[in-house]
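J.: have a look at this fold, sequence not included:
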C-alpha cells in the first residue's frame, strides 16, 4: 500500500516529469500539421517535415541504408567528411554557367524564402547538430564573412544546383556508349560514383525542400525533365495508354503532376513516392474496415502457391503497383519489379518516410505493405526463378540467392494492415477454403510435373515409353486376334 507521505515526497519529481512532458507535447504541436482551430484534420498541403530516420528502423540493422556513401545534401550529415563536397561545388559552378545565372541572384532568391525553407525541417533534428561549426569545416576553402552569415542559404544553393545538374545530365540514351560517357564528359565523375550519388539522393536524411529546386530552376519544362530522369533512373516509368482515332494504341510518358490538388512534393523522395503509387492508375480499393494490428501478409511462397494451384502472372502494361487476385481463376497478378543494388536503399527510405510521425495521405503504408507482401512470396531461389520466368522480376544482382537475402532482410519490418493487402489476403484465404479438392488435385499434378516432367529429357523419355507401350499393345492385340487368311 502506498502511503500519502510517499506521494508527497514524489510530487516534485512528478511535477518535473509533467513539465518536461508538456514541453515535448508543445514542441510536437509546433512542428505538426494539426489544425487546432479547425476540424482537427491534417493539413495535406503542408505535409511532413524533413527529418531523421526513426530509431526503430535504425535499430533493426539498416543503418548503412540511411547513411550517405559519397555525398550529403541538407544539414543532417554536414559534419561528416566525404569526398562529395568537391563534386557539389564543381557541379554548382557548371549549372550556374550552363543556365546563365549569377550565384548572387540565385542566392538572393533563396535568401528571400530562407525562413520558409527552414520550416521544412523538423526543429528538434536541426537543433541536435552544430550546423555552423560543421559548415565552417566543410566550406573552409571558400569561406568569407558574407557566406558565414548566411550559411544555410549557401548550403541550399550548392545542394540545389548540384542536384539539378546531376539530374539534368543523367538521362537514358539510346546509345549505350554515349550514356557511359556522359558522367565523364559533363559531370567529371566516374559511372560507379555517379550510381552511388543517385542512391544518396534517395536517403530520407539527404532531402532538401522541393520548393528550393523550383526557386533555383526557373524553367518548368527543364525541371520536369530532371524529375522524369530521376524517376526513370530508379526504375519508375509512369505511362498511360491511349487509343487513337485509327485504333492504334500508344504509350506516353507521364509527368507526376505537381502544384495541383495535393500540392508540390515535399522533396524528391516524396516525388518518388508519388510516382511509385501513380503506377496504380488510381485503382486503389476503398474499404471501410481498418485494422490497427501490426501483421505480416503471409500468403505463402511462390512455390507453395503453385502447389495450391495458383498461377502467377505479370500485370499488364506495368500500370499497377498493387497485386490483383482473381479468385474465380486462381490467378495472382503481380507488378513488375527491377531488383538491383539500389533497391534496398530506395524501398527502405520510402518506408522510413511513410513511418514519419507526421506522414499522412490516402495511401498510408502502401510501399511498406507492398514490400512486406512481396517478401512473403520469396523464400527460396526457386521463387525468384519463377518470378523471372513470369516476367514479374528482373534481377540485376549477382544471382537469385542475393534477391532472397535482400527481401528476407526487409521482411523484418512490421507495418499496419492496409485495405488493399487485407482484401487480397482475405480473397486468397477464401479461395483456399472453398476449393480444397481442386487445390489437392492441382497439387498432385504439380508434384508429378516437378518430379517427372521437369526437363525436356524426361518428357522425351515419357513419350518414348508411351510409344513403346502402345506398339507393344498393338503387337499383342494382333497376336491374340490374327486376321483370317
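T.: The structure has been received and is ready for your questions. In this text the structure is predicted, and so the values were computed from the model without any measurement. Numbering: from 1, shown residues only.
J.: CA only for contacts and neighbour counts going forward, please
T.: Will do.
J.: lowest average confidence, helix or strand, in the chain?
T.: Within the chain, no helix or strand scores below strand 249-253, which has a mean of 41 by mean pLDDT, DSSP states H and E.
J.: ok, then the element right after that strand?
T.: Sequence order places helix 268-278 as the next helix or strand after strand 249-253, per DSSP states H and E.
J.: could you list the residues in contact with that next one?
T.: Contact partners of helix 268-278, identified using C-alpha atoms under 8 Å, 6 or more residues apart in numbering, comprise 201-204, 207-208, 210, 231, 236, 238, 256, 265, 321, 350, 353, 366-367.
J.: mean confidence score for stretch 226-240?
T.: Confidence over stretch 226-240, taken as the mean pLDDT, stands at 78.
J.: picking that back up, which among the contacts of helix 268-278 count as buried?
T.: For these, burial is judged from neighbour counts taken by 16 or more other C-alpha atoms under 10 Å, and it is met by 201-204, 207-208, 210, 231, 236, 238, 256, 265, 321, 350, 353, 366-367.
J.: mind listing the strands for the stretch 351-485 of the chain?
T.: The residue ranges that make up the strands of the stretch 351-485 of the chain, judged by DSSP state E, counting those that start in this stretch, are 393-395, 415-416.
J.: okay, the ones you listed in TSV with mean pLDDT next?
T.: Rendered in TSV, the data for the strands of the stretch 351-485 of the chain read as follows (pLDDT from 0 to 100):
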stretch	mean pLDDT
strand 393-395	92
strand 415-416	68
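J.: how about those strands in JSON lines, adding mean neighbour count and distance to residue 327?
T.: Formatted as JSON lines, the entries for the strands of the stretch 351-485 of the chain read as follows, by neighbours: other C-alpha atoms under 10 Å; distance: least, C-alpha to C-alpha, whole Å:
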{"stretch": "strand 393-395", "mean neighbour count": "18", "distance to residue 327": "23"}
{"stretch": "strand 415-416", "mean neighbour count": "18", "distance to residue 327": "24"}
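J.: okay, those strands in TSV with distance to residue 64 next?
T.: What follows is the strands of the stretch 351-485 of the chain, written out as TSV (distance: least, C-alpha to C-alpha, whole Å):
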stretch	distance to residue 64
strand 393-395	22
strand 415-416	21
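J.: nearest to residue 385, out of those?
T.: Between residue 385 and the strands of the stretch 351-485 of the chain, the shortest separation by C-alpha to C-alpha is 8.7 Å, and it involves strand 393-395.
J.: list of residues touching that closest one?
T.: When contacts are defined by C-alpha under 8 Å, 6+ apart, strand 393-395 is touched by residues 336-340, 384, 387-388, 403.
J.: so what strands line up beside that strand?
T.: For strand 393-395, the paired strands and their directions (DSSP bridges) read strand 337-339 (parallel).
J.: which of the contacts of strand 393-395 are buried?
T.: With burial judged by 16+ other C-alpha under 10 Å, the buried subset of these is 336-337, 339-340, 384, 387-388, 403.
J.: closest to residue 96 out of those?
T.: Where the buried ones among the contacts of strand 393-395 are concerned, and distances follow C-alpha to C-alpha, residue 96 has its nearest neighbour in residue 340, at 33.1 Å.
J.: how about the closest one, nearest residue that isn't a chain neighbour?
T.: Spatial nearest neighbour of residue 340, excluding adjacent residues (C-alpha to C-alpha, 6 or more residues apart in numbering): residue 396 at 4.9 Å.
J.: surely that neighbour is in contact with residue 337?
T.: No: Residue 396 lies out of contact with residue 337 (C-alpha atoms under 8 Å); the separation is 10.7 Å.
J.: how near is residue 122 to residue 459?
T.: If you measure residue 122 against residue 459 using C-alpha to C-alpha, to the nearest Å, the figure is 64 Å.
J.: and the two? which has more neighbours close in?
T.: Neighbours around residue 122 and residue 459, counted as other C-alpha atoms under 10 Å, are more numerous at residue 122. The numbers are 19 against 14.
J.: and the more buried one, how close does it get to residue 316?
T.: 41 Å.
J.: residue 227 too?
T.: Here the distance between residue 227 and residue 316 works out to 25 Å (C-alpha to C-alpha).
J.: picking that back up, could you pull up phi and psi at the residue nearest to residue 340?
T.: According to degrees, to the nearest 10, the main-chain angles of residue 396 amount to phi -110, psi 10.
J.: between residue 227 and residue 316, which is the more surrounded one?
T.: Here residue 227 and residue 316 are compared on neighbour count by other C-alpha under 10 Å; more neighbours surround residue 227, at 20 against 11.
J.: how long is stretch 372-389 end to end?
T.: With C-alpha to C-alpha as the measure, stretch 372-389 spans 22 Å from end to end.
J.: how about residues contacting that stretch?
T.: The list of residues contacting stretch 372-389 from outside it, by C-alpha under 8 Å, 6+ apart, reads 296-303, 312, 393-395, 400-401, 403-404, 407-408, 410-411, 413-414, 421.
J.: which of the residues you listed fall in helices?
T.: Counted as lying in helices by DSSP state H, out of the contacts of stretch 372-389, are 302-303, 400-401, 403-404, 407-408, 410, 421.
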